[in-house]
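Undergrad: Got a predicted structure here, sequence first:
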Amino acid sequence: MKKLFSTKMGFFAIAVFLFWIKTYVIYKTEFNLGVSGALQEFLLFFNPLSSGLIFLGIALFARGRKAGIWIIAIDIILSFILYANVVFYRFNTDFITIATMMQTDNFGSLGGSIADLTIMSDLFYTLDIIFLIVLFIKMKSNWSLERLQFRKPLTILAAGVLAFAINLGLAEADRPQLLERTFDRNYLVKYLGAFNFMIYDGIQSAKTSTQRVLADSSDITEVENYTKSKYAEPNPELFGKGEGKNIIKIHLESFQSFLIDYELHGEEVTPFLNSLVNDESKNFTYFDNFFHQTEQGKTADAELIMDTSLYGLPQGSAFSTKGDNTYQALPAILDQQQGYTSGVFHGDGKSFWNRDEVYKHLGINEFYHEDFYDMSEENVINYGLKDKPFFEESIPLLKEMEQPFYAHMMTLTHHHPYLIDEEDASIAPAETGDGSVDRYFQTARYLDESLEQFFTDLKEAGLYEDSIIMIYGDHYGISENHNRAMAEITGEEITPLKNAELQRVPFMIRVPGVEGQGTNHEYSGMVDVMPTLLHLMGIDAKDYILFGTDMFSEDHKEFVPFRSGDFMTEKYSSINGTFYDNETKEAIKEPTQEMLDMKETVMRELELSDEVLYGDLLRFYTPNEEWEPVDESDYFYMKEEEKGKEE
């Protein structure tokens, strides 16, 4: 043991071991990473190893005793970064990113004094460094003054890279597309570690900065010309009919339209939603050819698209990678034009999909996240708060909001893999043998029951009659991986065209004092929601950069692009490079020039939307004389007592 302590490589091994164990202890005691299962627990324990080998291994290139000084110095830097995250996490329940360091107002949100967030037991995190310093002082005289042969530090670095590759492979096996979809900073730290997350965040920030720097004000001109040429005049009978009314937007997680009027075991799966669709008094207008347009960002894409009329990115989530862009979003427009207060209600962690940052750029006044709800064990399943307690606990929060308000209610229970407690299941599962598909109907029924109770509570609270109610599904729930089971459910073979048709999600809207249209068959998508709502509020959508058109307008453009470049129209569709006749379901061998032109239009529209996001082009665009750019430093998503501490 004495010989091990007295050698340079032995000192390095001890430093790596202490760094590894300290990091793991901090993961377990300071961060709430939601670890579940043996594999995630192993990855949490394993992931500091690659960082220790690589970062501390760099010091082995130094000559003689300087290697020990470098090891200690690097260890101090890594420990400082880790402890800074500990302190930051104690107040923000989040990790430090390049964006938060650049946004000094946000980074400084640790309260009146950092000292208030430190505790005496934190001294434990310095013991390894003290031990290394003492050990180095005692043993350095035994070290050779020569530099190690290069093959030794290179071998150490190679071992670190190999450890990271194993780590990433196991992480991808447990959470596919981990890096591409960038779900949540908690996920990245849990699977890859705090230091690998730091590198990843730096790479993403560098990419974003480069794309943004290369853009200039001339780039927005082509985008503006295109969106203005696509603009659809509002329906004069509906323009301004919703002005001054509260808006309650209800997000149905993973809800596809085939569930409407679907019967399982002789029962309606969603009887309440069916009653809204089939109501003879036509309170609601239901668009039965409405499609989601999300890609890898899924729910976050849906939020972005519906509040900005921009498409999500082809890879990853704009919420995660473009969260600090300039946006001219619906919440900010309603606030500036008509004095609306906006709020998002979601029984999940505030940092999921980077919401606590991007919402500020959208101009959302309030974000009611898990800190505002009872997240006790009996109320939580799968990704967060169950829908019934979520809606019930949201009513008092809604009543406290300053009216008129724009409230976005986001459900969670109907989310893959569709887990449900036995006491909450009021319909038997399907019997396809595919667990996800079979349970899908049970969580859909639970969501339907939750929504029915929410409507009752809204009426009792006096919030229903004078509110626009908007209900939509955010993205598909059953992927192509379940085609066998879905063929059994639908009674049809799941061809490429059929799969595209299954991307329909419900969209229905009720405007107080306006008779609904029953079922509207217009082909439309998420990008069309913002211009539709603006016109209902009496705000001309022509002023803004929007890729959708008013669904109630006679000039509404009935083509629905998907993020992949596929698209749907009333008569024909383009799927995976093949055109189909929507009526016969047959492939079209010789597409017309109209079809080919439409394909070009779709690809150009997606390209222009990408240019807006990648180049942050809206910073160069002013919609009208009254517009004021959103100042993200004006928004704080915490309870009132915590806001008081911040102030």
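TA: Good, I have the coordinates.
Undergrad: Need the phi and psi values for Thr578.
TA: Main-chain torsions, Thr578, degrees, to the nearest 10: phi -110, psi 140.
Undergrad: Any chance of the backbone angles for the closest residue to it other than its chain neighbours?
TA: Spatial nearest neighbour of Thr578, chain neighbours left out: Ala587 (5.3 Å); criterion: CB to CB, 6 or more residues apart in numbering. Glycine gets a C-beta too; all of them are placed from N, C-alpha and C. Dihedral pair for Ala587: phi -70, psi 140, per degrees, to the nearest 10.
Undergrad: how about Ala587, what does it touch?
TA: 578-581 (CB atoms under 8 Å, 6 or more residues apart in numbering).
Undergrad: Recalculate using a threshold of 7 Å.
TA: By CB atoms under 7 Å, 6 or more residues apart in numbering, the contact list for Ala587 reads 578-580.
Undergrad: Name the SS class of the closest residue to Lys557 other than its chain neighbours, please.
TA: Nearest residue to Lys557, sequence neighbours excluded (CB to CB, 6+ apart): Thr549, at 4.9 Å. Taking DSSP: H, G, I helix; E, B strand; the rest coil as the rule, one finds Thr549 in the coil state.
Undergrad: So Thr549 is in contact with Lys230, correct?
TA: Yes - the pair Thr549 / Lys230 is scored as a contact, 6.2 Å apart, by CB atoms under 7 Å.
Undergrad: so what sits against both of these two?
TA: Listed as contacting both Thr549 and Lys230 by CB under 7 Å, 6+ apart are Lys557.
Undergrad: Pick out whichever of those two has more residues nearby.
TA: More crowded of Thr549 and Lys230, by other CB atoms under 10 Å: Thr549, with 24 against 16.
Undergrad: Show the contacting residues for the more buried one.
TA: Counting by CB under 7 Å, 6+ apart, Thr549 has contacts 230-232, 528, 531, 555-557.
Undergrad: cutoff 10 Å now
TA: By CB atoms under 10 Å, 6 or more residues apart in numbering, the contact set of Thr549 is 227, 230-233, 309, 524, 527-528, 531-532, 535, 541, 555-558.
Undergrad: per the record, what domains does this structure have?
TA: 2-213, 237-556+610-646 (automatic domain parsing).
Undergrad: can you pull out the helices in the stretch 1-150 of the chain?
TA: 2-6, 8-30, 38-51, 57, 66-92, 98-102, 104-107, 127-139 (DSSP state H, counting those that start in this stretch).
Undergrad: list the helices and strands the last one packs on?
TA: Using 3 or more CB pairs under 10 Å, 6 or more residues apart in numbering; DSSP states H and E as the contact definition, the elements that helix 127-139 packs against are helix 2-6, helix 8-30, helix 66-92.
Undergrad: average pLDDT across that helix?
TA: Across helix 127-139, pLDDT averages out at 92.
Undergrad: before we move on, what about the shortest one?
TA: Across helix 57, pLDDT averages out at 94.
Undergrad: Output the contacting helices and strands for that helix.
TA: Checking 3+ CB pairs under 10 Å, 6+ apart, helix 57 ends up next to helix 151-174.
Undergrad: looking at it, Phe12 is touching Phe55, isn't it?
TA: No - Phe12 is beyond contact range of Phe55, at 11.5 Å (criterion: CB atoms under 10 Å).
Undergrad: Which residues are in contact with each of the two?
TA: Both Phe12 and Phe55 are contacted by Ile71, under the criterion CB under 10 Å, 6+ apart.
Undergrad: What pLDDT is listed against the residue nearest to Thr578?
TA: Note for Ala587: predicted pLDDT of 96.
Undergrad: Who does it form a beta bridge with?
TA: In this entry, Ala587 is beta-bridged to Tyr580, by DSSP bridges.
Undergrad: what about stretch 249-267, start to end distance?
TA: Taking CA to CA, to the nearest Å, stretch 249-267 runs 28 Å from one end to the other.
Undergrad: Give the rounded mean pLDDT of that stretch.
TA: Stretch 249-267 comes out at a mean pLDDT of 97.
Undergrad: Just checking, which helix or strand of the chain averages the lowest pLDDT?
TA: For the chain, counting by mean pLDDT, DSSP states H and E, helix 104-107 ranks last in confidence among helices and strands (a mean of 39).
Undergrad: Any chance of the backbone angles for Ile471?
TA: Per-residue torsions, Ile471: phi -120, psi 130 (degrees, to the nearest 10).
Undergrad: Distance of it relative to Ser217?
TA: Using CB to CB, to the nearest Å, Ile471 is found at 39 Å from Ser217.
Undergrad: Settle it for me: which of these two has more neighbours?
TA: It is Ile471, of Ile471 and Ser217, that has more neighbours when counted by other CB under 10 Å, with 22 against 10.
Undergrad: hang on, that one packs against Ile260?
TA: No - applying CB under 10 Å, one finds Ile471 not in contact with Ile260, separated by 11.1 Å.
Undergrad: Give me the common contacts of these two.
TA: Common neighbours of Ile471 and Ile260, counting by CB under 10 Å, 6+ apart, are 273, 276-277, 286, 506, 508.
Undergrad: pretty sure Lys557 contacts Ser524?
TA: Yes - using CB under 10 Å, Lys557 makes contact with Ser524 at a distance of 9.0 Å.
Undergrad: what residues are shared contacts of the two?
TA: Taking CB under 10 Å, 6+ apart as the criterion, Lys557 and Ser524 both touch 548-550.
Undergrad: still on that earlier bit, mind putting the helices and strands packed on helix 127-139 in CSV, mean neighbour count, distance to Asp324 and mean pLDDT included?
TA: CSV is the format used below for those (neighbours: other CB atoms under 10 Å; distance: least, CB to CB, whole Å; pLDDT from 0 to 100):
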stretch, mean neighbour count, distance to Asp324, mean pLDDT
helix 2-6, 11, 48, 64
helix 8-30, 19, 26, 93
helix 66-92, 18, 16, 88
